[in-house]
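Trainee: Give me coordinates for this.
(one chain, ligands or ions: 1)
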Amino acid sequence: MADQASGGPLIRFEEVVKKFGDNVVLNGLNLDINAGERVTLIGPSGSGKTTILRLLMTLERINGGRIWVGGEPFSHMDKGGKLVPASESYLRAKRKRIGMVFQQFNLFPNMSVRKNITEGPVHTLGVGKDEADQRAEELLEMVGLSDKIDAHPTQLSGGQQQRVAIARALAMRPEILLLDEVTSALDPELVAGVLDVLRDIARSTDITMLCVTHEMGFARDVSHRVFMFDEGRIAEEGPPEQLFGDPQEERTKTFLKAVLENE
Ligand SMILES: Nc1ncnc2c1ncn2[C@@H]1O[C@H](COP(=O)(O)OP(=O)(O)OP(=O)(O)O)[C@@H](O)[C@H]1O
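Mentor: Okay, here's the model as predicted:
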């Protein structure tokens, strides 16, 4: 885990405000994540965790503050020495650094597994077809689905589809991988397989990961830091052994107790 060559974090949220109408979801959020760090966001429903990932995917725009990625403005762009809100084309170029896996797998239903994985590299990044194919084969091996390369998504279980979605995100060689409750839509018996694949990726790559999850065991295993969110602010943060083992804030204690009782 290291800071950027520039000395700064890979991702920086600086006084970020995000509103939906009158609903202020993030109210001056400050957040730094270093290159290679794996971070988990936990907290009650509606506290703004998914919104953070969606801002990084440029699926939402901020209402105030700034986001930086790799020391460069992300929510903004430099125009003659002044920072102005980023244009669509600027955002499109910037978001190539970032991959996301969603709760719903969102695979292309009419394409084979192979095509699902090679489509982005070939069409968005201009990678040659043979190279994209080879990478798809490597990634399918990594997620344990080599034998499904010619299958269609409808022939796969939810867990298998989610593993293809993970392979598809990694095929774009992102620096940052965002995981939004990737096991929430799965039948319980399929959850472990997907989490094992993610544990492997965490162990074998130095990709920067931001996960929103209710799987506390997984959060404990893979995270360098856990952020407890409450009402759009960070109530508490720390390494998992500290945050889970010795939480300081009342809000964290109540939340963890409720999650454990639920489990
Ligand atoms: N597109 C949208 N339009 C209006 N309100 C939205 C939109 N997206 C999110 N919100 C609101 O923003 C708040 C934060 O939502 P967000 O999904 O980030 O929370 P969360 O912490 O990820 O919750 P959960 O654990 O339930 O996914 C909620 O009050 C939600 O209703």
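Trainee: Please confirm that Thr51 is located within a helix.
Mentor: Yes: counting by DSSP: H, G, I helix; E, B strand; the rest coil, one finds Thr51 located in a helix.
Trainee: Name the nearest residue to Val212, ignoring sequence neighbours.
Mentor: Among residues not flanking Val212 along the chain, Lys49 sits closest, at 4.4 Å (CB to CB, 6 or more residues apart in numbering). Any C-beta I mention is one placed from the backbone N, CA and C, and that applies to glycine too.
Trainee: now that neighbour: how far from Glu37?
Mentor: Relative to Glu37, Lys49 is positioned 17 Å away (criterion: CB to CB, to the nearest Å).
Trainee: quick revisit: please tell me I have it right and the residue nearest to Val212 contacts Gly43.
Mentor: Yes: at 6.0 Å, Lys49 and Gly43 qualify as touching, with contact defined as CB atoms under 8 Å.
Trainee: overlap in contacts of those two?
Mentor: Counting by CB atoms under 8 Å, 6 or more residues apart in numbering, the common neighbours of Lys49 and Gly43 are Phe229.
Trainee: Which strand or helix spans the residue nearest to Glu249 when sequence neighbours are not counted?
Mentor: When the adjacent residues along the chain are set aside, Glu249 lies closest to Glu236, with 4.4 Å between them (CB to CB, 6+ apart). Per DSSP states H and E: Glu236 is located in strand 233-238.
Trainee: Mind giving me the packing neighbours of whichever helix or strand comes after that strand?
Mentor: Once strand 233-238 ends, the next helix or strand along the chain (criterion: DSSP H and E) is helix 240-245. Under the contact criterion of 3 or more CB pairs under 8 Å, 6 or more residues apart in numbering; DSSP states H and E, helix 240-245 touches helix 216-222, strand 225-230.
Trainee: Recalculate using a threshold of 10 Å.
Mentor: Other helices and strands packing on helix 240-245, by 3 or more CB pairs under 10 Å, 6 or more residues apart in numbering; DSSP states H and E, are strand 38-42, helix 216-222, strand 225-230, strand 233-238, helix 250-262.
Trainee: Out of these, which is the most enclosed?
Mentor: Mean neighbour counts were compared across the helices and strands packed on helix 240-245 using mean count of other CB atoms under 10 Å; the top stretch is strand 38-42, at a mean of 25.
Trainee: For the residue nearest to Glu249, which residues count as its bridge partners?
Mentor: According to DSSP bridges, the partner residues bridging Glu236 are Met228.
Trainee: shouldn't it be in contact with Asp230?
Mentor: Yes: counting by CB atoms under 10 Å, Glu236 sits close enough to Asp230 to count as a contact (8.6 Å).
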